[in-house]
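1. just need the structure, nothing else, for what follows:
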Amino acid sequence: MTDSMSVVLGVFSKGGLGIGGVFIAVFGGFFTLILRGLRLLRDILVWIFGKIGRVAGIFLGVAGKGATTIGGKAVKGVSDSTSTAMARRSARVEIDTTLAEDPLRTQNRVLSGFIVVVLLALIGVVVWATNRPTNVIPIVPLSPNLGLNIGAPTPVADQPVVVINAPTLAPTSTPIPAVLQSAGTLAYVVRERGQTDIWAVPVGTRNTLRIVNSPEDDRDPAWSHDGTRLAYASRREDSNWDLYLYDLRTGGTSRLTFNLAFEANPKWSPDDLYLVYESYQQATHIDLYIMLADGSEVPQRLPASSDAPDFSPAWSPDGRRIAFVSWRDGNQDIYIFDLNTGETTNLTKTPTRHEDYPAWSPDGTVLAYSAVESGFETVFTQELTGNAPPVAFRRGRMPAWSPDGLSIAFMVDATDNSATFITVAPFIEGGVATEVIQAPYGANSPFWMDAPLPPA
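-> Next comes the predicted model:
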């Protein structure tokens, strides 16, 4: 056993284990062997102590008998009182003998002490074995040339030296996706912490900026075509929704409408002289109105308005048509009003689908809008020449064309309602959609202008 333990300890010591690791390994490997040895040792000790006890018992028995005989002869003449005292003493001795410790318990205590001594001896052997000096392999530092003698000079014949200049690598940046290379600025609306605000982000970046700094609600942003003014709806003064104009060059804000009616969703004429918007001035429904952008004249109700709700206007790039949403035929469809002829045409004519948010392409040949299709918000496009049917473009809502007409921005809500993604997809078939920025859930009203934001 000692030889086996020495071998094992030597192996573990060479393996580089610590004292704790060797201790665990030794007792893990020889635990059963130690228990068996201890049990055998215990049996031997019990047998020895038993024999010794028997011999001592015989000896004490013989001595006791002799003492009893002698004592009996010696105490015959003692008085009754002495006998009584001895009887009480004898009874006390019997009680003390009864309360004396059991011999087996004494043997077990001796055996336990012996086992502890053996374990301490084993631990001492393990510690001694692991602390013995071993053959330590010295660590030799590597030379810079890894011992290959690369740096040693080698005599060579004279020959021309050719110097090869490695090209300098210029740092590269992540390319901007093609759909975002139109640049410009996207405005959008976010309601967060109980307040509605207008934000903007330069296309191709994620640097968001709050445009209008107001403690009240602001919504429905619309850039002028030269990018210098922002028309929007706000409740900043008397808690009514009115139209305001923010000048990005001066930072000044002016109020355009002054009445108790609801006014919102302004859109610019191509020459930036007029605004068309929706207003609840009628007692029963919402209508469309036109006003000068400087507010110098009284707004006029659009002739195309009806006794049904008319809202969500969009001015065509040529300035002669206005698209809007109406319920005049009993369903929410998109109509086009011709300013030259005064005629109004139902473009969509879909009794099973409610269209909204019309947006003209920059060349005026295609109208984009959104509607619920098979339970999902979907962006559609429809050519205005001929009788082309609408085409499902992407899942999303509220389309906004890029200034060059090559892409469409729209809002996509996360399925778990955790966020809304402002997304851009190329208008051409098969293009890949790209996320512009992630906004709080419910973000809406995207508006893409060509000009960048002025410096702060």
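
2. what's the burial count for residue 244?
-> Residue 244 has 21 neighbouring residues, counting by other C-beta atoms under 10 Å. (C-beta placed from N, C-alpha, C; glycine too.)

3. so it bridges to which residues?
-> On the basis of DSSP bridges, residue 244 is bridged to residue 232, residue 255.

4. that one touches residue 237, doesn't it?
-> No: contact between residue 244 and residue 237 fails when scored by C-beta atoms under 8 Å: they sit 9.1 Å apart.

5. who touches both of those two?
-> Shared contacts of residue 244 and residue 237, defined by C-beta atoms under 8 Å, 6 or more residues apart in numbering, are found at residue 255.

6. who's in contact with residue 356?
-> The contact partners of residue 356, taken as C-beta under 8 Å, 6+ apart, are 312, 325, 332, 334, 369, 370, 371.

7. would you confirm that the third one contacts residue 325?
-> So the one you mean is residue 332. Yes: the criterion here is C-beta under 8 Å, and residue 332 meets it with residue 325 at 6.1 Å.

8. who's more crowded, these two?
-> residue 325 (23 against 20).

9. before we move on, what SS does that one have?
-> strand (DSSP: H, G, I helix; E, B strand; the rest coil).

10. model confidence for it, exactly?
-> Looking at residue 325, its pLDDT stands at 98.

11. and the nearest residue to it once chain neighbours are set aside, how far is that from residue 342?
-> Leaving aside its sequence neighbours, residue 325 sits nearest to residue 312 (C-beta to C-beta, 6 or more residues apart in numbering; 4.3 Å). Using C-beta to C-beta, to the nearest Å, we find residue 312 at a distance of 20 Å from residue 342.

12. follow-up on the earlier one: same list, the contacts of residue 356, but as a markdown table with distance to residue 394 and secondary structure please.
-> Putting the contacts of residue 356 into a markdown table (distance: C-beta to C-beta, whole Å; DSSP: H, G, I helix; E, B strand; the rest coil) gives the following:
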| residue | distance to residue 394 | secondary structure |
| --- | --- | --- |
| 312 | 20 | strand |
| 325 | 20 | strand |
| 332 | 21 | coil |
| 334 | 18 | strand |
| 369 | 12 | strand |
| 370 | 10 | strand |
| 371 | 13 | strand |
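
13. pipe these into CSV and attach distance to residue 292 per row.
-> Shown next, in CSV, are those (distance: C-beta to C-beta, whole Å):
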residue, distance to residue 292
312, 21
325, 24
332, 30
334, 26
369, 28
370, 30
371, 33
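
14. pop the domain breakdown of this protein in here.
-> 2-72+87-130, 178-449 (automatic domain parsing).

15. neighbouring strands - and their directions - for the helix or strand hosting residue 198?
-> Taking DSSP states H and E as the criterion, residue 198 maps to strand 195-202. Using DSSP bridges, the strands paired with strand 195-202 are strand 185-192 (antiparallel), strand 209-210 (antiparallel).
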